[in-house]
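>>> predicted model and sequence below, questions to follow.
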Amino acid sequence: MHEVTPLGAKLRLLRRREGLTQSQLAGRLGISPSYLNLIEHNRRPLTAPLLIRLAELFHLDVKQFSADGDARTVADLLEVFGDPLFEAHDLAAAEVRELAAVAPQAARAVVALYRAFHGAREAVDTLTHELSADAVAGLDARLPTEEVADLIQRHMNHFPELEDGAARLWRDGGLSVTNLYADLVAQLERGHGVRVQIERTAAMRGAVRRYDPQRKVLSLSEALRRGSRNFQLAFQLGLLTQGVALDRQAQDPLLTSPESRSLARVALANYFAAAVLMPYEPFLEAARLERYDLELLGHRFRAGFEQVAHRLTTLRRPGAEGVPFHMLRIDIAGNISKHFSASGLRFARFSGACPRWNVFAAFLTPGMIRTQLQQMPDGATYFWVARTVKKDGGGYHAPRTVHAIALGCDAAHARELVYADGVDLASSEAVVPVGLTCRLCERMDCEQRAFPPLQHPLQVDENVRGVSFYAPVAAK
């Protein structure tokens, strides 16, 4: 079962912040002080009418009472206190959850403080190894990629203004599926005076797209296939036509540096490009009809496996939503370079993911789809699809980058996916027990455990060895 975050502590904090007694707030809400007391102690629910009344009284955004943000704070806190740094303090998971519920602002401050500490610690390690003055710049607490990822997660990876812009381009630009490349080239030339040319790989000097704003020339590498060329054309149109929307999002307070704001513009221009190649309504209709067959959708919309997977996570339009997916991209060393979750699954911020996830096993069978039905320690069950993707540089000597892409959803939606055919979703034998990270996972019988869990102190018996160094073994 998914854990539900109680709202009583939030209501109590709001009352104290406003300087009201229980009797005073109860009078404004039209309930008895005793009933309010029960709500604040999570013995009665905070109903929708009361929540609306609170929003009216104190001019609140009801999203402040959303359990999603609380769950994310709890997950972050658990990961923070899972650091061996805190082992001597013997913190219980229940205490960590109570901190997030009773003092959410303090909890987020602890996470921010740890993030700064974690970033400084990594920077010190880098400095120690490199002894380079240039590495001092790495002392910044948060990476731009992390800030942009938080921005996308907060918007649930759905940006209506960019969706509308892509639909407007199709309508006003007269785009057609059968001749999309020529139509996009014509739109750049006719609407913006930009000339498109295909260049030899050597002439591109390592780039696949290069735009010269003075000459208004967009150069694309000959190594790009048709779908990738379409994407780069749409990306350039995004920069040229969606400047207002890109700038508005780039001014979000979550983005604290020029690098973060620039990266956000690039990420959102990529979002626009995907919305052009895979227009919302036709893509959602095709996804439902083909039961989210990623490879078939890729052929139909001339997009790569990763592009299709990423586009599926953006289908969050109210009243026209697709399956709520989570997505993960890793390299062979286990570095997570992209992640998003609309399914409720939490990803680790400060440590690696569980090695039992099938996204890691995908490297063993390059290019093949691997499925997995997994269960988290809290009982939540998810269905995963994973496959490797390869990016070629265009020639024999060019590097070939391999990543694994994983797309997943709550098991309740698994039957909507073609990949669940033949999988007995009700069988306990089909379920793979996994965790978020070793420090947060309570499963002691895991042969791949790399660290002791937060919930159990390390116990070493030099005379006995279990399935892993950290697994307990029953006495004779």
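That came through fine.

>>> can you give me the strands in the stretch 251-400 of the chain?
Counting by DSSP state E, counting those that start in this stretch, the stretch 251-400 of the chain has strands at residues 316-317, 320-321, 325-331, 336-341, 370-375, 381-392, 400-410.

>>> pull up the pairing partners for the first one, direction included.
The reference is to strand 316-317. Sheet pairing of strand 316-317 (DSSP bridges) gives strand 320-321 (antiparallel).

>>> residues touching the strand it pairs with, excluding its own?
Contacts to strand 320-321, defined as CB atoms under 8 Å, 6 or more residues apart in numbering, come from residues Y280, E281, L284, L315. Placement of C-beta: from N, CA and C, glycine included.

>>> make it 10 Å
Residues outside strand 320-321 that contact it (CB atoms under 10 Å, 6 or more residues apart in numbering): H158, Y280, E281, L284, E285, L315, A342.

>>> from E416, how far out is the residue nearest to the third one when sequence neighbours are not counted?
If you skip the residues right next to it in sequence, E281 has A320 as its closest partner in space, 7.4 Å away by CB to CB, 6 or more residues apart in numbering. Look at A320 and E416: by CB to CB, to the nearest Å, they are 15 Å apart.

>>> swap in A275?
Applying CB to CB, the value for A275 to E416 is 22 Å.

>>> these two: who's more crowded?
It is A275, of A275 and E416, that has more neighbours when counted by other CB atoms under 10 Å, with 24 against 15.

>>> show me what contacts that one?
By CB under 10 Å, 6+ apart, the residues touching A275 are 159, 162-167, 169-170, 234, 238, 283, 311, 314.

>>> hmm, 7 Å instead?
By CB atoms under 7 Å, 6 or more residues apart in numbering, the residues touching A275 are L162, E163, A166.

>>> then L50?
By CB under 7 Å, 6+ apart, L50 lies in contact with L29.

>>> name the element it belongs to?
Following DSSP states H and E, one finds L50 within helix 48-58.

>>> which strands or helices does the helix or strand following that helix pack on?
Moving toward the C-terminus from helix 48-58, the next helix or strand (DSSP H and E) is helix 67-81. Using 3 or more CB pairs under 7 Å, 6 or more residues apart in numbering; DSSP states H and E, the elements in contact with helix 67-81 are helix 93-102, helix 104-130.

>>> okay, helix 67-81 in PDB with CA atoms only?
C-alpha atoms of helix 67-81 as PDB (Å, rounded to 0.1, in the frame of the first residue of the first chain):
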ATOM      1  CA  ALA A  67       0.700  14.600  -0.100                       C
ATOM      2  CA  ASP A  68       2.900  14.300  -3.100                       C
ATOM      3  CA  GLY A  69       5.300  17.000  -1.900                       C
ATOM      4  CA  ASP A  70       5.300  15.400   1.600                       C
ATOM      5  CA  ALA A  71       6.100  12.000   0.200                       C
ATOM      6  CA  ARG A  72       9.000  13.500  -1.700                       C
ATOM      7  CA  THR A  73      10.300  15.200   1.400                       C
ATOM      8  CA  VAL A  74      10.100  12.000   3.400                       C
ATOM      9  CA  ALA A  75      11.900  10.100   0.700                       C
ATOM     10  CA  ASP A  76      14.700  12.700   0.600                       C
ATOM     11  CA  LEU A  77      15.000  12.800   4.300                       C
ATOM     12  CA  LEU A  78      15.200   9.000   4.600                       C
ATOM     13  CA  GLU A  79      18.000   9.100   2.000                       C
ATOM     14  CA  VAL A  80      19.800  11.900   3.800                       C
ATOM     15  CA  PHE A  81      19.700  10.100   7.200                       C
END
